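*Asks:* Here is the input, now give the coordinates:
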Amino acid sequence: MSVAKTIERKLTDAFSPRELIVVDESHLHIGHAGARPDGESHFRVEIAADAFKGMSRVARQRAVYDVLSEELADKVHAFSLTARE
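*Replies:* Just a heads-up that it's a prediction; the model follows:
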């Protein structure tokens, strides 16, 4: 399964988001440090979920990072996140 699909599946399973956008921006970083030849190294994620209600911005980010800890530790070089209630 692709990294993007894995991110999408894990976030959907964990938060049942109303909105989820996962964008592979690796093509914008070709030749830069951390860019892998096969791509899927730089992502932008926007997520909105009721599961984030009452959580601070930092708590929402930590929750997402916890769910994606395996991908962020190994496969993903750069990760931009917007997490809303």
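*Asks:* tell me what the helix ranked longest in the chain is packed against?
*Replies:* If you go by DSSP state H, the chain has its longest helix at helix 3-15. Using 3 or more Cβ pairs under 8 Å, 6 or more residues apart in numbering; DSSP states H and E as the contact test, the elements touching helix 3-15 are strand 19-24, strand 42-48, helix 57-67, helix 69-74. Heads up, the C-betas are built off the backbone N, CA and C, glycines and all.
*Asks:* let's see it at 6 Å
*Replies:* Judged by 3 or more Cβ pairs under 6 Å, 6 or more residues apart in numbering; DSSP states H and E, the packing partners of helix 3-15 are strand 19-24.
*Asks:* residues in contact with the strand it packs on?
*Replies:* With contact meaning Cβ atoms under 6 Å, 6 or more residues apart in numbering, strand 19-24 is reached by 4, 7, 8, 11, 40, 43, 44, 45, 46, 47, 48.
*Asks:* Make a PyMOL selection of the buried ones in those residues.
*Replies:* Typed into PyMOL, the line below selects the buried ones among these, using 16 or more other Cβ atoms under 10 Å:
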select buried, resi 4+7+8+11+40+43+45+47+48
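*Asks:* Report the two of the contacts of strand 19-24 separated the most.
*Replies:* Pairwise distances across the contacts of strand 19-24 (Cβ to Cβ) peak at 23.6 Å, for the pair 40 and 48.
*Asks:* on that earlier part again, confidence-wise, which of the contacts of strand 19-24 comes last?
*Replies:* Model confidence across the contacts of strand 19-24 bottoms out at residue 40, which has 80.
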